[in-house]
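In: Here is my input; please provide its structure:
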Amino acid sequence: MNVIAFITFAVVQILFIPLVIIGLVMVFYKQVYVSKKLDVASTAVEVINGRWTMHVFGLREDEASCRLNRVLPNNSLFGLWLILFPSYLRYRMSGQTHGYPAIPEREKEGLSHLVTARTVYFDQLIEKHIDSIEQLVVMGAGFDTRCYGKFKHKQIRYFELDQVNTQKLKISSLDKAGIDISHVNFVDVDFFAECWYAKLHQAGFDPGKKTLFLWEGVTLYLDERSVRQALREIRQHSALGSVVVCDIYANRFVEGTYVSGMKSSLKVLKVTGEGLGFGLNLSENAVQVLSDFMASEGMLMKERYLMGEKTEKGIFMVVLEAIVTN
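Out: Residues are numbered from 1 along each chain as shown. The predicted structure is shown next:
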């Protein structure tokens, strides 16, 4: 069956080349230019597309992302299907994924696995704490749907923080998709320009309750001062034992020197004002570098996923768990 699936895939892929090009143009236009027109982050679309793809290919169940993705005005599901249909046909015939999407062996991740592997690692760390927390704060939430899926619990109070235009688009799209949002407190913030904690507190956040702060795919768009300030706000206004689950990127990734040609691709982000900023030198003693950085802001690093460590290029990012200790 795998041989037949491969032959079918190869034939269909060749026939679909013109359609794939059309699909790429459709997705690019919606994701980059429509997002810019709406003044929302184009990378948020990239993330939800990755999660939609994982769901469709049976790697991770996420019905909420699929429903939301269908109604987003800055995305083209039709374009995605034009791109992925040959691979999907092969998956349906063989029961296996090949190439993309994929979840590789831990620490053997490449850049193509950034969204898929990162998503799984964050899920695992959230799962670890979900039964012991009273509040969940999604910082820079974008189109994340974890508050509406398997991590939705009656005993937890949910907060989503992001830019005002992103929040407005997400709320209207969630409503259009028929997804209940009554349990979520949406807070408009700008991590660069204001004290986000003050707004969080005004929205009903209780600093005395154990909280999980989910901070995925955000730090690399900030500067070091903003990252440290955010961690400081968490430490100063959270109960001991609260948890930060975040990702930190290698400076080689942020600077575009991790692989050849990366600098050119990063220029696209500047079209929507999403240039990269903060990274750490993770080429040597990465665990110590990360541990020292978190400790400098009063946090104890625990579990971590060193993405790319066992590859020729080395670490390009890390997903980590840190506990508020003082």
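
In: other SSEs contacting the biggest helix by length in the chain?
Out: When the chain is parsed with DSSP state H, its longest helix is helix 77-94. With contacts taken as 3 or more Cβ pairs under 8 Å, 6 or more residues apart in numbering; DSSP states H and E, helix 77-94 sits against helix 2-15, helix 17-28, helix 42-56. All C-beta spots, glycine's among them, are computed from the backbone N, C-alpha and C.

In: now that helix, how far from the chain's geometric center?
Out: In terms of Cα atoms, centre = their mean, to the nearest Å, the centre of helix 77-94 is set 22 Å apart from its chain centre.

In: contacting residues around that helix?
Out: In this structure, residues lying in contact with helix 77-94 by Cβ atoms under 8 Å, 6 or more residues apart in numbering are 1-2, 4-6, 8-9, 12-13, 16, 19-20, 22-27, 30, 49, 52-53, 56-58, 69-70, 97-100.

In: Turn the helices and strands packed on helix 77-94 into a markdown table, columns for mean neighbour count and mean pLDDT.
Out: Below are the helices and strands packed on helix 77-94 laid out as a markdown table (neighbours: other Cβ atoms under 10 Å; pLDDT from 0 to 100):
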| stretch | mean neighbour count | mean pLDDT |
| --- | --- | --- |
| helix 2-15 | 13 | 87 |
| helix 17-28 | 15 | 95 |
| helix 42-56 | 21 | 94 |
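
In: In JSON lines: the ones you listed, plus distance to residue 92.
Out: Output for those, formatted as JSON lines (distance: least, Cβ to Cβ, whole Å):
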{"stretch": "helix 2-15", "distance to residue 92": "8"}
{"stretch": "helix 17-28", "distance to residue 92": "18"}
{"stretch": "helix 42-56", "distance to residue 92": "10"}
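
In: Of those helices, which is nearest residue 206?
Out: helix 42-56 (27.9 Å; Cβ to Cβ).

In: Starting from the longest helix of the chain, tell me the next helix or strand along the chain.
Out: Per DSSP states H and E, the first helix or strand lying C-terminal to helix 77-94 is helix 114-129.

In: so what's residue 300 up against?
Out: Contact partners of residue 300, counting by Cβ under 8 Å, 6+ apart, are 294, 322-323, 325.

In: Just the CA atoms of stretch 307-319, as PDB, please.
Out: What follows is stretch 307-319, C-alpha atoms only, in PDB (Å, rounded to 0.1, in the frame of the first residue of the first chain):
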ATOM      1  CA  MET A 307      15.000  21.800  19.600                       C
ATOM      2  CA  GLY A 308      17.700  20.900  17.100                       C
ATOM      3  CA  GLU A 309      20.400  19.900  19.600                       C
ATOM      4  CA  LYS A 310      21.200  16.600  17.900                       C
ATOM      5  CA  THR A 311      21.300  18.100  14.400                       C
ATOM      6  CA  GLU A 312      24.300  19.400  12.500                       C
ATOM      7  CA  LYS A 313      23.100  23.000  12.900                       C
ATOM      8  CA  GLY A 314      22.500  22.700  16.600                       C
ATOM      9  CA  ILE A 315      19.800  24.300  18.800                       C
ATOM     10  CA  PHE A 316      17.600  26.900  17.200                       C
ATOM     11  CA  MET A 317      15.000  27.300  20.000                       C
ATOM     12  CA  VAL A 318      14.000  25.900  23.400                       C
ATOM     13  CA  VAL A 319      10.600  25.300  25.000                       C
END
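
In: Scan the contacts of residue 300 and report the most crowded one.
Out: Highest neighbour count within the contacts of residue 300, by other Cβ atoms under 10 Å: residue 322, with 27 neighbours.

In: Could you point out the bridge partners of that one in the sheet?
Out: residue 244, residue 301 (DSSP bridges).

In: Okay, it and residue 125: tell me how far apart.
Out: 10 Å (Cβ to Cβ, to the nearest Å).
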